[in-house]
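Q: turn this into a model:
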Amino acid sequence: MLSYQHGYHAGNPADLHKHMILAGLLARLTRKPRAISYLETHAGRGLYDLSAPEALKTGEAATGIGRVALPDGPLKDAVDTVRDRHGPSAYPGSPMIARQILRPDDRIALMELHPAENAALKRALGPLGAEVHRRDGYEGVLALSPPRPRKGLVLVDPSYEIKSEYESAAAFALKLVRKWPEASLAIWYPILPEARHTALLAGLRPLRPLVSEVGFDMGKGRGMTGSGMALVNAPFGSREIVAAAETLFD
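A: Below you'll find the predicted structure:
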């Protein structure tokens, strides 16, 4: 999707739900000394300024990271580290969160097709050792799979601006698991009044995902009313990670 830019939505409640689970999964996967691979299909720019005009225009961060006190843990540690380096209005996207948690021997490969977002991603993550690719996310991850190291996690986080993206995300997951059976997948999706995410979950049913959904009100009266994460081949301890993320929205 060449029009979507996440800067308008960075730090909103859906980001907190997604990033709490992502950080928990990465912390769990890096407990053992064996290196892992981390890949993203739609990486964005990796680092956001919540005082930028895009973020201020929507005000969504004020309903998320601006309102919620993060509990002690890997996400809070990542946000604090990034803000120490980049200032109090900085907010890390998923690639930067991963970079804070992963170790030097772990592999990071990021797909981002949007030219401006890709350029920003290279500036933010390239010097930190990440592989940044400008290519279709699904094609790119499939082409790199199975990676070395074989143990790893893939974040699937499209914009869903096209209705067919729900079916496409499910089809991608099925293809990836066939090609890379060891992969764990974290698939984010928005919950909208039209309930389009049901097509995604139906397509994922053969993979028996662990599903986490939370609801929230961003004060707009329309649009996204919640956030979902479907975990495929979820690592041991994922239920506790999901439960901790959901408590942010109790």
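Q: return the set of buried residues in stretch 137-144.
A: Gly137, Tyr138, Gly140, Val141, Leu142, Leu144 (16 or more other Cβ atoms under 10 Å). Where C-beta positions appear, they are placed from N, C-alpha and C, glycine not excepted.
Q: okay, these in a markdown table with pLDDT next?
A: Shown next, in a markdown table, are the buried residues of stretch 137-144 (pLDDT from 0 to 100):
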| residue | pLDDT |
| --- | --- |
| Gly137 | 97 |
| Tyr138 | 98 |
| Gly140 | 98 |
| Val141 | 98 |
| Leu142 | 98 |
| Leu144 | 98 |
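Q: which residues of this protein score low on pLDDT?
A: 1-3, 220-222 (pLDDT under 70).
Q: can you check which helix is longest in it?
A: helix 13-29 (DSSP state H).
Q: the closest residue to Arg135 other than its chain neighbours pairs with what?
A: Once flanking residues are discounted, Arg135 sits nearest to Met111: 5.9 Å by Cβ to Cβ, 6 or more residues apart in numbering. Assessed by DSSP bridges, Met111 has beta-bridge partners His133.
Q: and Met111, what is it in contact with?
A: Leu39, Glu40, Thr41, His42, Ala43, His133, Arg135, Asp136, Gly137, Gly140, Val141 (Cβ atoms under 8 Å, 6 or more residues apart in numbering).
Q: ok, now with 6 Å
A: Thr41, His133, Arg135, Gly137, Gly140 (Cβ atoms under 6 Å, 6 or more residues apart in numbering).
Q: and for the second one, the neighbour number?
A: By that I understand His133. When neighbours are defined as other Cβ atoms under 10 Å, His133 has 23 of them.
Q: quick one: the longest helix of the chain to chain centroid distance?
A: 8 Å (Cα atoms, centre = their mean, to the nearest Å).
Q: what does that helix rub up against?
A: Looking at helix 13-29 with Cβ under 6 Å, 6+ apart, the contacting residues turn out to be 36, 63-64, 68, 74-75, 94, 97-98, 101, 153, 188, 214, 216, 227, 229, 235, 237, 241, 245, 248.
Q: now list the buried members of those.
A: For the contacts of helix 13-29, buried by 16+ other Cβ under 10 Å: 36, 63-64, 74-75, 94, 97-98, 101, 153, 188, 214, 216, 227, 229, 235, 241, 245, 248.
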